[in-house]
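Undergrad: pasted the sequence and its predicted model underneath.
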Amino acid sequence: MGDTSGAVGRSVPRREGDDKVTGRARYTDDLVVSGAWYGRTIRSGIPRGRVRGITYDPAFDWSRVVVVTAQDIPGDNVVQLIRDDQPALAASEVRHREEPILLVAAPDRDSLAAAERAIHIEYDAAAPVFDMAQATETYSTIEIIKGEVVEAFKGAEVVVERSFRVGLQEQLYIEPQGAIAIPEPGGRIKVIGSLQCPYYVHRALKRALALTDEQAVVIQAETGGGFGGKEEYPSIVAIHAALLARKAGRPVRLIYDRHEDLAATTKRHPGVIRHRTGVKRDGTLVAQDIEIVLDGGAYCTLTPVVLSRAAIHAAGPYACPNVRIRARAVATNTPPNGAFRGFGAPQSLFAAELMVEHVAERLGVSSLDLRRKWMLRIGDTTATGQTLTESVSSEMVLDAALKAAPPFHLSNVPSVRRGRGLSLVFHGSGFTGSGEKKLGGKVAVEALPDGTFTILTASTEIGQGTKTIFTQIAADALGVPLEQVTVAPQDTSLVPDSGPTVASRTAMIVGGLIHEAAEELRDRLANRSKPKLPLRVDKSYVQPDTIHWDDQTYRGDAYPVYAWACTIVDVEVDMLTGEVRVTDLVSAVDCGKAIHPVMAEGQIEGGMLQAVGWATIEEIKMTDGGYQNDRLATYLIPTALDAPRIRTILVENPYSGGPFGAKGIGELPMDGPAPAIIAAIHDATGVWLDEVPATPEKVLAACASR
Amino acid sequence: MRFTLNESTVSLDVAGTRRLLDVLREDLHVTGTKEGCGEGECGACSVLIDGEVVNSCLVAVGQVDGCSVVTVEGLALPDGKLSALQQAFIERGAAQCGICTPGMLLAAHALLQENPQPTADEVRVGLAGNLCRCTGYTKIIDAVLACRR
Amino acid sequence: MPQVAHLQPRDVADAVRLYRDTPDARLLAGGTDLMVMVHAGTVRPRALVDLWSLAELKGIRHVDGVVEIGAAESYTGIIGSALVAEHCPALVAASRTIGAAQIQNRGTLGGNLANASPAGDTLPVLLAADAVVVTDRRTIPIADFFWSYRKTALGSGEIIVAVRLPAAARGVRFRKVGTRAAQAISKVVIAVSREPARVALGSVAEVPLRARGAEAALARGDVGGAVAALAADIRPIDDVRSTADYRRMVAQNVLRDLLDGPSRR
């Protein structure tokens, strides 16, 4: 089969599809490792305090198991990320009720459970802080200034103020977290795990276990979903598994069950966003003053970067001459929050989009007209002063969604009301500001003697189609059939650090590097009559000199380019029960170029349903610093019976800086549905909610008090 | 105890109250069946027992004595080729991360056996016990509908 | 720790004997509740007496003008039964709201009755239908079955063998309100009948219960009075799923709708 006529743009079969539909795919817990013991994390029972002492029941035979405490950590007792504040194991101070105190490994699950029951930890409790408003520690503050907001409000004829609240959300990958650590000769430790970022884990292992680059080996197993939940958290699982394996002198499997995963792992940052918007009576947007407070939980993790993305997107996809965004993230004694698809943008865009609705209502105009008036177009500048020079699809996606939306019809059941809502969002592709430059992501493409080509990258397949689209890009750039291109395993001893699989960067940035490497390889092969194989081309990310960002003033080109989406939702509100059912969802999305249309649609459909869940039924209630919703019977995500009919329109407005014009798509789908649903609920009932999730309890109470 | 697993006979001497899920994965090393929650909420552990789709995390292995058990490994055709349903899942993008896929395929298979021409709504009802976080269910429903006879 | 023993009785009489004579034994049917608890360690039986395959406990039949459902018949069997569809369509409707296909294929009336969860979806239908619980030794009217939180009238060693639905079961109407459309524990579940006046609810007290005040008003034909009286009949709480206020409001709204509203989709 010598079809070289372009794999990009075709929905070719998923590279690992056969394995996934036959049960051959091997996820972490499927791997058989001979002689492996089982590990478990023993966690704090109090939200704040100090460990006074640990007693080990002498009636238990401790020689049967291995126990690891902070004292056993050979390197730094730190989970390497941004700030060195989170210990791998608490030595004394405890800051949240799921904080890991010690680890146990045993040959079988019964012994493990018995050992756990024989360990007693005593604490000196301290007064915890659960409410963001009472927080005394700040992780990060960001201020974005454009024009002169205070002055500008004086010229505003109408001012609208509103406050919005966004809730926690669990990523709910169907495969729980897990890692297997295997000690090997020469002080090597190999960790195989369910993860998105092999090199994040690699760095964390080196630091905590005092390993060299070669001694730490991290291999990504087939991973059953991540959504950001496996961006940074797996470093903790890996360090714990490795510590146990090192002490036990044998492999250790540390696989979380769903309850532990729900109770202890990172969640989406909840927060409060306040808007003050000033306009002229004719609807001209004059000034936006925005305050954001996000709850980072007990440790910093990635909070400053989440805050950054939230702040940069906070003004919405609109051109406003005067903007002030003041954002801060604070600490509470709740389990640390972390990365989740959208990474701050769904939170701030929720507020921004609803503000359009409220201003429109105050002025007595349609919010659609207001969006057309305000939306960013080519040549406009964003809140950070970035001039958008290409691939700006605000109007394209708006028109496409409106055209594709099914005819709206009212309910024929008296106790059920139907409504429709719309949102317009954008999402920056790639790392913020100077992030990509600092990452310096690397890939390689190699021509092998057998005539095949292999792609060497640490970017992971977590369902979104990485392996497939990379082979499409490389095959087309090389001018060879798809079947001749393979992807090397995501094993840090084999592949370079392409940067993490996050931030909607995989297609655009890493795919772009692969494209470059493959083209160069093709040229080099063409220039020789008998090329010496294997022949390898390495590429490192170099930031185009057209991108200017100032970390100090937080001004400039926040992202190389933005992707765009317009989402229209139809809801049914049961006036007897307050239940909100999203029946139809239409979204027009511009991701520059859909390398694989079916997979691009898949990202959109899946991301939007996650946003629907966040907006409606995914509620987390806290008690004493812990989540009440800590089982799958109580943390509810949409089933097939809850999911709306979803229609996706791919709009292609290519970006010159992306491979074949591609921008990012992974997170954008998370941004649109929530505000559209709130607007639809209002359309149906006349009631405005200001928060998500818009649970039936809140909807019914709001309707009753009308 | 004896039962058929994907048309082969299995004889085991194990405690009858162990979960069928664990016996499949750990004793028989048939790992296509996944544990997503251990509470019967997610369907990732779905298997067929005498043609009915059930959560294997809720079945005591002693209860399948004399029964026919089918896991995802038993769905392919006798010559090893993928079934129409498996093929449709790949072609239509119904499998992304793949962790829900084995359970989803078995639930879909059971549905089509019972009702060869389901409507989209009937497909949703039939798959309501299988959680998927990646796809939004859209392409899964498309794939099942594509296999109507 | 010794493994939990799996005991397989030959028939009901054998099951009764095993259950009575084995220390720390629990009854296993479809396992949809029990297997979760055993795995999580919240119950630690020494043996499970397995009723799932006993033919005497399966089947749905007509006996003396009454429909009798085997205690270990699955909800799938109930949903597909023409007899139940004719004699108590509300039980079919309630069964359809339990879990999804996987749970319906293994869940049983006997299991749900013995468990006596206040949120059991079919239990209010049985209450509204004046069902009769048949055990190995006697019959128990359903109104006398639920004593307190997860405690029933079942004596030591007593096994439920069937549930009988009298003729009046035909008129029962049902609605469940849960967090999502499938696989959801109810926030409020309600079954009503006009003739005789029956108002039964789940998830609004520590037991599935009959709302006697509402029933008295309904028996007089006073729908408004029934809805008002309901508030005092129930004792909902705030919990992980919902709030007392919501449950009260929704119970009243749904009762009014079931009695007075147009027939539901």
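TA: Received it, and whenever you're ready, just let me know what you need. Residues are numbered from 1 along each chain as shown, chains lettered A, B, ... in the order given.
Undergrad: alpha carbons only for contacts and neighbour counts from here, please
TA: Will do.
Undergrad: so is stretch C:57-74 next to chain B?
TA: No: for stretch C:57-74, no contact with chain B is found by CA under 8 Å from any CA of the partner chain; the gap never falls below 11.2 Å.
Undergrad: low pLDDT regions in chain C?
TA: Across chain C, the ranges flagged by pLDDT under 70 are C:1-2, C:263-265.
Undergrad: now swap in chain A and tell me
TA: Using pLDDT under 70, chain A drops low at A:1-5.
Undergrad: what residues does it have near chain C?
TA: Residues of chain A found near chain C (CA under 8 Å from any CA) are A:110, A:576-577, A:617, A:621, A:628-629, A:633-634, A:636, A:638-639, A:641-642, A:697, A:700-701.
Undergrad: let's see 6 Å
TA: A:576-577, A:641-642, A:697 (CA under 6 Å from any CA of the partner chain).
Undergrad: domain ranges for the chain?
TA: As the question left the chain open, I've gone with chain A. Chain A breaks down by automatic domain parsing into domains covering A:17-27+A:435-540, A:33-128+A:171-264, A:271-432+A:553-704.
Undergrad: that's the wrong chain, I meant chain C
TA: C:5-50, C:55-169, C:171-260.
Undergrad: compare those and give me the one nearest A:H548.
TA: Minimum separation from A:H548 across the domains of chain C (CA to CA) falls at domain C:171-260, 47.3 Å.
Undergrad: quick check: end-to-end length of that closest one?
TA: 14 Å (CA to CA, to the nearest Å).
Undergrad: likewise for stretch C:44-57?
TA: From start residue to end residue, stretch C:44-57 stretches across 25 Å - CA to CA.
Undergrad: do that stretch and chain A meet?
TA: No: contact between stretch C:44-57 and chain A is absent, the nearest approach being 13.2 Å (criterion: CA under 6 Å from any CA).
Undergrad: which bits of the stretch 101-250 of chain C sit near chain A?
TA: Residues of the stretch 101-250 of chain C lying close to chain A by CA under 6 Å from any CA are C:181, C:246, C:250.
Undergrad: surely the last one touches A:G578?
TA: No: here C:V250 does not reach A:G578: they are 8.6 Å apart, not a contact under CA atoms under 6 Å.
Undergrad: alongside chain B, which residues does the stretch 101-250 of chain C contribute?
TA: So far as CA under 6 Å from any CA goes, the stretch 101-250 of chain C lies against chain B at C:Q102.
Undergrad: can you give me the helices for the stretch 101-250 of chain C?
TA: C:101-104, C:109-115, C:123-128, C:212-219, C:223-233, C:244-260 (DSSP state H, counting those that start in this stretch).
Undergrad: what about A:A118, neighbour count?
TA: 16 (other CA atoms under 10 Å in any protein chain shown).
Undergrad: and it, what are its phi and psi?
TA: Note on A:A118: its backbone torsions stand at phi -90, psi 0 [degrees, to the nearest 10].
Undergrad: ok, for it, nearest residue in space, not its chain neighbours?
TA: Closest residue in space to A:A118, ignoring its immediate chain neighbours: A:D57 at 5.1 Å, by CA to CA, 6 or more residues apart in numbering or on different chains.
Undergrad: what's the answer for B:V123, then?
TA: In space, B:V123 is closest to B:I141, 6.5 Å off (CA to CA, 6+ apart).
Undergrad: run a quick neighbour tally on that neighbour.
TA: Under the neighbour criterion other CA under 10 Å, B:I141 is assigned a count of 22.
Undergrad: equivalent analysis for A:R117, please.
TA: As a measure of burial, A:R117 has 12 neighbours, counting by other CA under 10 Å.
Undergrad: do the same with A:Q220
TA: By the criterion of other CA under 10 Å, A:Q220 has 25 neighbours.
Undergrad: likewise B:C37?
TA: 22.
Undergrad: residues touching it, list them.
TA: Going by CA atoms under 6 Å, 6 or more residues apart in numbering or on different chains, B:C37 touches A:R258.
Undergrad: mind checking what secondary structure it has?
TA: Following DSSP: H, G, I helix; E, B strand; the rest coil, we place B:C37 in the coil state.
Undergrad: check which helix or strand covers A:E170.
TA: Per DSSP states H and E: A:E170 is located in neither a helix nor a strand.
Undergrad: can you pull out the strands in chain B?
TA: B:2-5, B:8-11, B:46-49, B:52-55, B:68-70 (DSSP state E).
Undergrad: swap in the stretch 1-150 of chain C?
TA: C:5-7, C:25-28, C:47-50, C:60-63, C:66-70, C:132-135, C:139-141, C:146-148 (DSSP state E, counting those that start in this stretch).
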